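> with the sequence up front, the predicted model follows.
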Amino acid sequence: MSAWLRDVARALDERPAPFSVFFRDDDAGWANDRLFALMTVFERHDLPLDVAVIPHAIDRDTAARLARRARLAGRIGFHQHGYAHINHEPDGRPCEFGPSRSDAAQRADIARGREQLLMLFGDALGPIFTPPWNRCTRATGACLVDAGIAVLSRDATAVTLGVPGLAECPIASDWLQKRRGVPITRDEWAASFADLIARRVDPVGVMFHHAVMDHGNRETLADLLNLLRRHGRVRAMTMSEAASRSLTA
Ligand SMILES: [Zn+2]
């Protein structure tokens, strides 16, 4: 085991109960070579990966290649990541489904995005929605349910929407987290992840952005996946599995 993962391994060893984790990668449709490279890392370790796809950015050929890979690997899922990944807010934090958009505009974007992805992915598309920048409004939640989407994934710090029929599957850890605009080191990431394990957060969702992950960063991730794969206390799951746990909890 790599030395930088010592705290993570210790936190896992000390857990009285198994540790559940899922992995979400955002922005399929952009930097697709790096997306395929990230998928390879997960396939190598036989761990599940949920890929958030931008409907307006994905082309037919890439979608077909992704779906083929998923059929062969078996543990890769796809879901909707907004519509065009465009900021519509005149000021403040960027948001595609934010307060300045009418219900009708949100509903139209969600529906046409879902329709496009269903055409490209068919049954391989999960009923899950990740809003760009992990932010949306309560009105978004109702539009999602109307569109046949059952799971919303945002940041764990967001207040639960409490929309009937909509489970939430939040992300607690950002693999590429920045602090004051500077990427944290792998040691700092390991310390924060070990803290989540120790605090019994369950399941823990980890977010990636393949577009900014180079070969070295993917190899660092491979260290982590190697540990999680081999550790007897870890249960890696898909987002659908994680969401069904939150419904039954
Ligand atoms: Zn995104």
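Perfect, thanks for sending it. In this text, all values refer to a predicted model and were calculated from it rather than measured experimentally. Numbers count the residues shown, from 1 in each chain.
> surely Val53 touches Asp25?
No: the criterion here is CB atoms under 8 Å, and Val53 misses it with Asp25 at 9.9 Å. From N, CA and C alone the C-beta is placed, and that goes for glycine too.
> check which helices and strands the helix or strand containing Leu72 sits against.
Per DSSP states H and E: Leu72 is located in helix 60-73. In terms of contacts (3 or more CB pairs under 8 Å, 6 or more residues apart in numbering; DSSP states H and E), helix 60-73 is packed against helix 32-44, strand 49-53, strand 76-80, helix 103-121.
> let me know the angle separating the worst-scoring helix or strand of the chain on mean pLDDT from strand 76-80.
Scoring the helices and strands of the chain by mean pLDDT, DSSP states H and E places helix 239-248 at the bottom, with a mean of 80. On the basis of axes from the mean of the first three to the mean of the last three CA atoms, to 10 degrees, helix 239-248 is oriented at 70 degrees to strand 76-80.
> give me phi/psi at Asp27?
phi 80, psi 30 (degrees, to the nearest 10).
> settle this for me: it is touching Gly82, isn't it.
No: checked against CB under 8 Å, the pair Asp27 and Gly82 is beyond contact range at 9.8 Å.
> from the middle of its chain, how far away would the helix holding Leu72 be?
Mean-position distance between helix 60-73 and its chain equals 18 Å (CA atoms, centre = their mean, to the nearest Å).
> okay, the angle between it and strand 76-80?
Using the same axes, to 10 degrees: helix 60-73 against strand 76-80 is 140 degrees.
> tell me the buried residues in helix 60-73?
Thr62, Ala63, Leu66, Ala67, Arg69, Ala70 (16 or more other CB atoms under 10 Å).
> re the thing from before, let me know which of the helices and strands packed on helix 60-73 is tucked in deepest.
Stretch with highest mean neighbour count among these: strand 49-53 (a mean of 27; mean count of other CB atoms under 10 Å).
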